[in-house]
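> attaching a predicted model along with its sequence, questions to come.
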Amino acid sequence: MPAAWSLIGALYEIEQDIRDRKLVAEDKQTFRATHSKPRIEWFFDWVEQQRRRSGLLPSNPFAKALCYAWERRVALSVYLTDPDVPIDTNHLERSLRPIPMGGRNWLFCWTELGAKHVSIVQSLIVTCRLHGIDPYTYLVDVLQRVGQHPASRVHELTPRLWKQHFADARLRSILYTLQREGGKYVR
C-alpha cells in the first residue's frame with residue numbers, strides 16, 4: 001500500500017481513470033470497490049494505529065487530525081457505495097464561492113436579518129444552478145406556489161424535488177404572459 005501522504009493522489013488517479021473509461025452507475029461503483037476501497041480501508045487502519053500510538057497528546061495537531069478523520073470515516077467513505085457521489089465537494093465549494101466573495105456587498109443589507117435572507121437566496125440560486133434549473137423560473141414558480149402548498153410537504157419546494165414534481169407544470173408570472181402576448185395583458 002502507498003504511504004499515507006500519497007494515498008489521496010492515488011484515489012484521485014482512480015477517479016480520473018473512471019472518467020477516462022466513462023464508467024457510470026454500477027460499473028463505476030464496482031471499479032471503486034475494487035480499486036479505491038482497499039486503499040480507504042488501509043488508510044483508516046493506519047489512522048487507528050496512529051491514534052493508539054502512545055506519546056500523542058490529545059492537544060497535538062496530528063492527534064486532532066487523526067481524530068477528525070476517524071470520526072468522519074463513514075462520511076468520507078460514502079462515495080464508495082453511491083456512484084453519484086463524487087470523491088470531494090470541490091464542485092460545491094466553487095459554486096458557493098461567490099457568497100463569501102460578495103462580502104462587501106452584504107454590508108449594505110442593513111441588518112443581520114437582511115444578510116441572512118441574502119444568504120438564503122444566494123444558496124437557492126447556487127442549488128438551482130447545480131441541478132440545471134433556471135433560478136428565475138424556479139423562484140417565480142415557488143413564490144406563487146408557496147401560499148397554496150401544504151406546509152407538511154414544503155420540502156417538495158427545494159430545487160431538487162421541485163425539479164421532479166413541478167418543473168414540467170410550473171406556474172408563470174403575469175410578465176411572462178404579457179411578453180408572450182406582445183405586451184397586451186390577457187388572462
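Happy to help now that I have it.
> contacts only, for the most centrally placed residue in the chain.
With distances taken as Cα atoms, centre = their mean, residue 92 lies nearest the centre of the chain, 4.9 Å away. Residue 92 makes contacts with residue 130, as judged by Cβ atoms under 8 Å, 6 or more residues apart in numbering. All C-beta spots, glycine's among them, are computed from the backbone N, C-alpha and C.
> where's the helix or strand where residue 142 lies relative to the chain centroid, distance-wise?
If you go by DSSP states H and E, residue 142 is part of helix 135-145. With Cα atoms, centre = their mean, to the nearest Å as the basis, helix 135-145 stands 21 Å off its chain's centre.
> just checking, what packs against that helix?
helix 112-130, helix 159-165 (3 or more Cβ pairs under 8 Å, 6 or more residues apart in numbering; DSSP states H and E).
> between those helices, which gets nearest to residue 48?
Evaluated with Cβ to Cβ, the helices and strands packed on helix 135-145 place helix 112-130 nearest to residue 48, the distance being 35.0 Å.
> show residues contacting that closest one.
Contacts of helix 112-130 with the rest of the structure, by Cβ under 8 Å, 6+ apart, involve 91-92, 95-96, 98-99, 102, 106, 109, 134-135, 138-139, 158-160.
> go on, stretch 22-34?
14, 17, 18, 21, 79, 80, 81, 82, 83.
> repeat that for stretch 37-54.
Residues from elsewhere that reach stretch 37-54, judged by Cβ under 8 Å, 6+ apart: 1-2, 4, 7, 10-11, 14, 56, 62-63, 66-67, 69-70, 73, 76-77, 80.
> what residues sit buried inside that stretch?
Buried residues in stretch 37-54, defined by neighbour count with 16 or more other Cβ atoms under 10 Å: 39, 40, 43, 46, 47, 50.
> also stretch 76-94?
In stretch 76-94, counting by 16+ other Cβ under 10 Å, buried: 76, 79, 80, 83, 87.
> farthest pair in those residues?
76 and 83 (16.4 Å).
> where in this protein is pLDDT low?
1-4, 99-108, 176-187 (pLDDT under 70).
> tell me the domain boundaries of it?
Taking automatic domain parsing as the reference, the chain has its domains at 4-88, 94-180.
> pull the CA atoms of stretch 162-171 into PDB?
In PDB, the C-alpha atoms belonging to stretch 162-171 read as follows (Å, rounded to 0.1, in the frame of the first residue of the first chain):
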ATOM      1  CA  TRP A 162     -39.200  20.900  -7.300                       C
ATOM      2  CA  LYS A 163     -37.500  19.700 -10.500                       C
ATOM      3  CA  GLN A 164     -39.000  16.300 -10.100                       C
ATOM      4  CA  HIS A 165     -42.500  17.400  -9.100                       C
ATOM      5  CA  PHE A 166     -43.200  20.800 -10.600                       C
ATOM      6  CA  ALA A 167     -40.700  21.700 -13.400                       C
ATOM      7  CA  ASP A 168     -42.900  20.400 -16.200                       C
ATOM      8  CA  ALA A 169     -46.000  22.100 -14.800                       C
ATOM      9  CA  ARG A 170     -44.500  25.300 -13.500                       C
ATOM     10  CA  LEU A 171     -46.600  28.400 -12.800                       C
END
